[in-house]
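> With the input below, show me the fold.
(2 chains)
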Amino acid sequence: MGGTFVITLREGFEAALILGIVYTYLQKIGAQRHYRYATRGGVLGVLASIALGVVVTALSGPLLDLGPDIIGLAVIFVAVVVLTWHGYWMRQHARAMKGDVQRKIDEAQTNHRMWIIGVIAFTGVFREGAETVLFLWGLLTQATSTSGWASALGAVLGLIMAASLGWAIFRGGRHVSLQRFFGVTSIFLLLLAAGMFSTGIGRLEVMGFLPATPTAWDTSFLLDDHGFIGGFLNGLIGYRSRPSVLEAGSYVLYLAVAGFLLFRSDSSSPRSDAPKGRIPAHAV
Amino acid sequence: MRRALTLLIAGLLASVVAVAGTAVAADAPPEIALTIDKDQFQPSEVKVKANTPFVLVVTNKGAKAAEFESKDLRVEKVVPAGKTVNVRIRALKPGSYAFFDDFNKAATGRIVAE
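Model (predicted):
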């Protein structure tokens, strides 16, 4: 039971995290009516996961060998693009948003394309979705014995736990000021995207499209990225217990390039037209 | 911005498909069969020639999906129930490489390259 719990928790954690952030984001900019973008993205992600799970069991030959990998790669790199763009946008506005609350909310809604939120929610759910569907389906068909039921129950509890964490982020995030939320999540999305980028590069390496590189370090004896805490860190900041040189390098490279793009103008900071102390905390 | 994003995504997709196409067309390396049944790998030790790429033909005879995974090889591949999946493995240096079923940790094995 414990084993299946950790697996679904690990698979569902990243999706819960991303959904928690996008809903909080929409709530923060006063765009509750745009929740539907996140919801649609998430629901489509679940449907696509089920569809892929079903399709995979019907495929065979090269389609089965490469199909899921190609879809997986595409989802990863699309996720990297939308997360980067969203992080960049939030960063810009975290700095610029120093005026009155209503103005910055209006500005946020008119300047940001809401469909991006939908794409983020979709890729967040779909990324590990099909795998989870197959795993759950296998468990449920085996749930005839007591141990089978326990495994299935553990898996379902893992998903519920992941969803609760997403909910906790949403609840907790409401009490954080808009500016701080934007500032913190933009860094956070950057790390998340760096982890995904590194994973994508690692896949290309394993598939033989990029040259093989040796293992950069091995900390799996200390903190396994498939374990409970390691799995969290993996979803959170892209922690890997045994990355290749190329994976570790691409993580650093992404952080350096995206970090430069996001933070370069911080030092040459624009003047603010209102002191930030003027925003009452309860209003945001 | 929207157009640029669409172009970027389209470009990424196209390159992934193109690269995948080349891989399919490449020379066929030797195939080695591996079966998952009753929570075990058969054989649990796979002997291969070192420094030669090969294809692991993983067949799942069990009733539930498995995920062939190896941290040593950095491979993760879902094998649905009753299905066969080809896992391309690059040339390995001599040594032992552990693998397991990520969906069922009881099933483990290793590849020995010599």
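
> Point me to the residue of chain A nearest chain B.
residue A:138 (2.8 Å; C-beta to the nearest C-beta). Any C-beta I mention is one placed from the backbone N, CA and C, and that applies to glycine too.

> where's the closest residue in space to that residue that isn't next to it in sequence relative to residue A:128, distance?
Counting by C-beta to C-beta, 6 or more residues apart in numbering or on different chains, residue A:138 lies nearest to residue B:64, which is 2.8 Å off, once chain neighbours are set aside. In this view, residue B:64 and residue A:128 are 18 Å apart by C-beta to C-beta, to the nearest Å.

> Run through the neighbouring helices and strands of whatever helix or strand residue A:236 lives in.
In this structure, residue A:236 sits in helix A:228-237 according to DSSP states H and E. Applying 3 or more C-beta pairs under 8 Å, 6 or more residues apart in numbering or on different chains; DSSP states H and E, we find helix A:228-237 packed against helix A:2-28, helix A:178-206.

> Adding distance to chain B as columns, could you present the ones you listed in CSV?
Output for these, formatted as CSV (distance: least, C-beta to the nearest C-beta, whole Å):
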stretch, distance to chain B
helix A:2-28, 6
helix A:178-206, 5
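
> Quick one: distance of the host helix or strand of residue A:74 to the chain centre.
Under the criterion of DSSP H and E, residue A:74 resides in helix A:62-96. Using C-alpha atoms, centre = their mean, to the nearest Å, the mean C-alpha position of helix A:62-96 is found 9 Å from that of the whole chain.

> got the angle between it and helix A:2-28?
Taking axes from the mean of the first three to the mean of the last three C-alpha atoms, to 10 degrees, one finds helix A:62-96 and helix A:2-28 inclined to each other by 40 degrees.

> now helix A:62-96 and helix A:178-206, what's the angle there?
150 degrees.

> in helix A:62-96, what counts as buried?
Using 16 or more other C-beta atoms under 10 Å in any protein chain shown as the test for burial, helix A:62-96 gives A:64-91, A:93-96.

> does the nearest residue to residue A:201 once chain neighbours are set aside belong to a helix or a strand, and which?
Distance criterion C-beta to C-beta, 6+ apart; nearest residue to residue A:201, sequence neighbours excluded, is residue A:250 at 4.1 Å. Residue A:250 belongs to helix A:245-267 when assigned by DSSP H and E.

> then that helix to CSV, C-alphas only?
Written as CSV, here are the backbone C-alpha positions of helix A:245-267 (Å, rounded to 0.1, in the frame of the first residue of the first chain):
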residue,chain,number,x,y,z
VAL,A,245,26.4,15.6,-17.1
LEU,A,246,24.2,16.8,-19.9
GLU,A,247,21.1,16.8,-17.7
ALA,A,248,22.8,18.7,-14.9
GLY,A,249,24.4,21.0,-17.4
SER,A,250,21.1,21.8,-19.2
TYR,A,251,19.5,22.6,-15.8
VAL,A,252,22.2,25.1,-15.0
LEU,A,253,22.2,26.5,-18.5
TYR,A,254,18.4,27.0,-18.5
LEU,A,255,18.6,28.7,-15.1
ALA,A,256,21.4,30.9,-16.3
VAL,A,257,19.6,32.0,-19.5
ALA,A,258,16.1,32.3,-18.2
GLY,A,259,17.3,33.8,-14.9
PHE,A,260,19.2,36.4,-16.9
LEU,A,261,16.2,37.2,-19.0
LEU,A,262,13.9,37.4,-16.0
PHE,A,263,16.1,39.4,-13.6
ARG,A,264,18.4,41.4,-15.8
SER,A,265,16.5,44.6,-15.5
ASP,A,266,16.1,44.3,-11.8
SER,A,267,19.3,46.2,-11.1
